[in-house]
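Undergrad: next one to model:
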Amino acid sequence: MRASVASGNRRVTMTMGFVSAMSPLIRVLPHPVLGSGCCTFSTRSDYRGSSPAGKGTRNESTHFVRLTGARRSDKRLGMMFRSFSGPFQAIPLAFALLAFTVTAPAAAQKESPQPDSRVGPANPSGFPIPRWVSVGAREANLRTGPGARYPIDWVLQRRNLPAEVISEFENWRQIKVQDGTVGWVHKSMLSGRRMATVAGNRVRMRENPAADAPVAAFVEAGVVVTLRGCEATWCQVTIASHGVEGWIPRDTLWGIYDGEVVSR
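TA: Sure, this is the predicted structure:
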């Protein structure tokens, strides 16, 4: 889940779809169907994320829910989006007028500071860029820049969510999540544990890496799985929350590069 928060307006966008939580477990002839169930969404009204969770909770059974203003819901599958209180969002510009000088310099538009690309190595961690990681915290602030002084753009509220590191600056990592959203998080919020999400439609998890192998479970799109190993066309995965292990075609997973070898 992720929540978008903004200053001055109690605007919240919460998106759900990366949870393996179906209770009781639904079984189909006799394979379990693992997917998204009813989950709790907590609002967050503080822009900088310094206060505890905001007022109220709401339960929804859809993968993706948009809450704006008067508790309207827009149920959409397959995408994440933000909500806006109006057709345009105006950003006020601050200008300073120096009245006591003959030639007053023009005031510059106030902007968020940008990192100096000349400072520090391109990848301070020494690991390759890009690379795959996962969100190691229950809640991670996705900021507009590499530092705590930058505003929070999104709040990631799903541990083990796979993410791609596309840039680094000191102790900060710029990551991209499945829907293409990009932001900066502190390295302490990330883990090297390899995870992936099921993309597209429901897939069959098989007991062995073969198309004719017995089906262990049906896995819904958006479910997070742990990567145990990947071959040319199959990946061995586990879903710890349900105690299920099996093989899934690698081209149905988001969180692994083409041709990448993943081993235990």
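
Undergrad: what comes up buried for stretch 139-158?
TA: 139-143, 145-147, 150, 152-158 (16 or more other C-beta atoms under 10 Å). Heads up, the C-betas are built off the backbone N, CA and C, glycines and all.

Undergrad: which intervals of the stretch 1-150 of the chain have sub-threshold pLDDT?
TA: In the predicted model of the stretch 1-150 of the chain, residues 1-121 satisfy pLDDT under 70.

Undergrad: now with 90, please.
TA: Within the stretch 1-150 of the chain, the set of residues satisfying pLDDT under 90 comprises 1-126.

Undergrad: quick check: next helix or strand after whatever helix or strand residue 142 lives in?
TA: Secondary structure from DSSP states H and E places residue 142 in strand 140-143. Counting by DSSP H and E, the next helix or strand C-terminal to strand 140-143 is strand 152-156.

Undergrad: just give the strands next to that next one in its sheet, each with its orientation.
TA: strand 2-4 (antiparallel), strand 140-143 (antiparallel) (DSSP bridges).

Undergrad: just the C-alpha atoms of the last one, please, in CSV.
TA: The C-alpha atoms that make up strand 140-143 are tabulated as CSV, following Å, rounded to 0.1, in the frame of the first residue of the first chain:
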residue,chain,number,x,y,z
ALA,A,140,9.0,3.9,4.2
ASN,A,141,8.8,7.6,3.2
LEU,A,142,9.4,8.1,-0.5
ARG,A,143,10.9,11.6,-0.9
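
Undergrad: neighbours of the residue nearest to residue 260 when sequence neighbours are not counted, just the number please.
TA: Closest residue in space to residue 260, ignoring its immediate chain neighbours: residue 230 at 6.9 Å, by C-beta to C-beta, 6 or more residues apart in numbering. Here the number of neighbours of residue 230 (other C-beta atoms under 10 Å) works out to 24.

Undergrad: ok, residue 208 next?
TA: Counted with other C-beta under 10 Å, the neighbours of residue 208 add up to 13.

Undergrad: how much space separates it from residue 219?
TA: 16 Å (C-beta to C-beta, to the nearest Å).

Undergrad: residue 249 now?
TA: Distance from residue 249 to residue 219, by C-beta to C-beta: 11 Å.

Undergrad: equivalent analysis for residue 158, please.
TA: 17 Å.

Undergrad: surely residue 131 and residue 167 touch.
TA: No - using C-beta atoms under 8 Å, residue 131 is not in contact with residue 167; the gap is 11.1 Å.

Undergrad: thinking again about what came up before, joint contacts of residue 249 and residue 219?
TA: residue 203 (C-beta atoms under 8 Å, 6 or more residues apart in numbering).

Undergrad: more crowded one of those two?
TA: residue 219 (26 against 15).

Undergrad: show me what the more buried one is bridged to.
TA: Going by DSSP bridges, residue 219 forms beta bridges with residue 34, residue 203.

Undergrad: close enough to count as contact, it and residue 239?
TA: Yes - between residue 219 and residue 239 a contact is recorded at 7.3 Å, counting by C-beta under 8 Å.

Undergrad: how about low-confidence regions in the stretch 151-264 of the chain?
TA: Checking the stretch 151-264 of the chain against pLDDT under 90 turns up 200-201, 240-243, 259, 261-264.

Undergrad: show me the contacts for residue 188.
TA: Here residue 188 is in contact with 136, 137, 171 (C-beta under 8 Å, 6+ apart).

Undergrad: repeat for residue 163
TA: 132, 133, 134, 135, 175, 176, 177, 190.

Undergrad: re earlier: now, among the contacts of residue 188, which is nearest to residue 194?
TA: residue 136 (12.2 Å; C-beta to C-beta).

Undergrad: give the contact list for that closest one.
TA: Applying C-beta under 8 Å, 6+ apart to residue 136 gives the contacts 159, 160, 188, 189, 190, 191, 193.

Undergrad: pull the most distant pair out of these.
TA: In the contacts of residue 136, the most distant members under the criterion C-beta to C-beta are 160 and 188, with 15.6 Å between them.

Undergrad: this structure - how does it break down into domains?
TA: Under the assignment automatic domain parsing, the domains of the chain span 2-73, 131-193, 196-254.
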